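K.L.:
below are the sequence and a predicted model for it; my questions follow.
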Amino acid sequence: MRRIRHAFTLMELILVVAVLVILAGLSYPVIDSLFANSRLTEASDQIRARWSEARSRAIQERRSYRFAIKENTGKFRIAPDTGEYWEDGEPSANTSNQQALVMEGALPQRVLFGSPDALTTVSDWRTLVTFLPDGTANEDVEVNLSTKGTRSVTLRLRAVTGTATTAALTSTNKDS
């Protein structure tokens, strides 16, 4: 009696793998855009939490705290508003017995301060807001968070109350 063996040729296996790779490549942008909104939400929550932390430290330590960003990157920094932490002035006498909060962080992957289409990256820190010891900020501030493939989000900080709100912009930043 003759046995019939069912097997796949190497060519059939390569063809199936190639089709799977092509389907994965075509579906990646769709899947990535599904997660883009959650990355923006996570980034806005992260910045609001850092603003709150800097504000509470300013009140607690009775000294100003600065929140700065690097434009067109996801990097931010929090430190007391004195030259010893920012290299833009004279060191000051620390009147607080507590150790200062100095924090550098980054937004979630591919989320930027500013526009995702900007080609240049600023290497210096740009002060966005300074939290004063009385719990206020030096001025009202707006910061734009963006990522390709979805709407940008604007965070607004009210100087007098320290209240932060989030607003989604109506335009989208789709890849061309």
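P.N.:
Nice, I can see it.
K.L.:
Trp125 and Ile69 touch, don't they?
P.N.:
Yes - at 7.2 Å, Trp125 and Ile69 qualify as touching, with contact defined as C-beta atoms under 8 Å. The way it works is simple: take the backbone N, C-alpha and C, and place the C-beta from them, glycine included.
K.L.:
what touches both of those two?
P.N.:
Common neighbours of Trp125 and Ile69 are listed as Arg77 (criterion: C-beta atoms under 8 Å, 6 or more residues apart in numbering).
K.L.:
need the strands for the chain, in chain order.
P.N.:
Counting by DSSP state E, the chain has strands at residues 65-69, 75-80, 103-106, 112-113, 126-131, 141-146, 151-157, 164-172.
K.L.:
so which of those gets nearest Glu12?
P.N.:
For Glu12, the closest of the strands of the chain is strand 164-172, at 42.0 Å, according to C-beta to C-beta.
K.L.:
distance check, Gln109 against Thr41.
P.N.:
Distance, Gln109 to Thr41, by C-beta to C-beta, to the nearest Å: 14 Å.
K.L.:
looking at the two, which one has more neighbours?
P.N.:
For Gln109 versus Thr41, neighbours defined as other C-beta atoms under 10 Å are more numerous around Thr41 (16 against 10).
K.L.:
low pLDDT regions in this structure?
P.N.:
1, 88-98, 115-122, 169-176 (pLDDT under 70).
K.L.:
nearest spatial neighbour of the residue nearest to the spatial centre of it, skipping sequence neighbours?
P.N.:
Geometric centre of the chain, nearest residue: Leu107, 2.6 Å, by C-alpha atoms, centre = their mean. Leaving aside its sequence neighbours, Leu107 sits nearest to Gly74 (C-beta to C-beta, 6 or more residues apart in numbering; 3.5 Å).
K.L.:
check contacts around that neighbour.
P.N.:
Ala43, Ala106, Leu107, Pro108, Gln109, Arg110, Val111, Leu112, Phe113.
K.L.:
again, 7 Å this time
P.N.:
By C-beta atoms under 7 Å, 6 or more residues apart in numbering, the contact set of Gly74 is Ala106, Leu107, Val111, Leu112, Phe113.
K.L.:
dump these into TSV; add distance to Leu157 as well.
P.N.:
Converted to TSV, the contacts of Gly74 look like this (distance: C-beta to C-beta, whole Å):
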residue	distance to Leu157
Ala106	20
Leu107	16
Val111	18
Leu112	18
Phe113	14
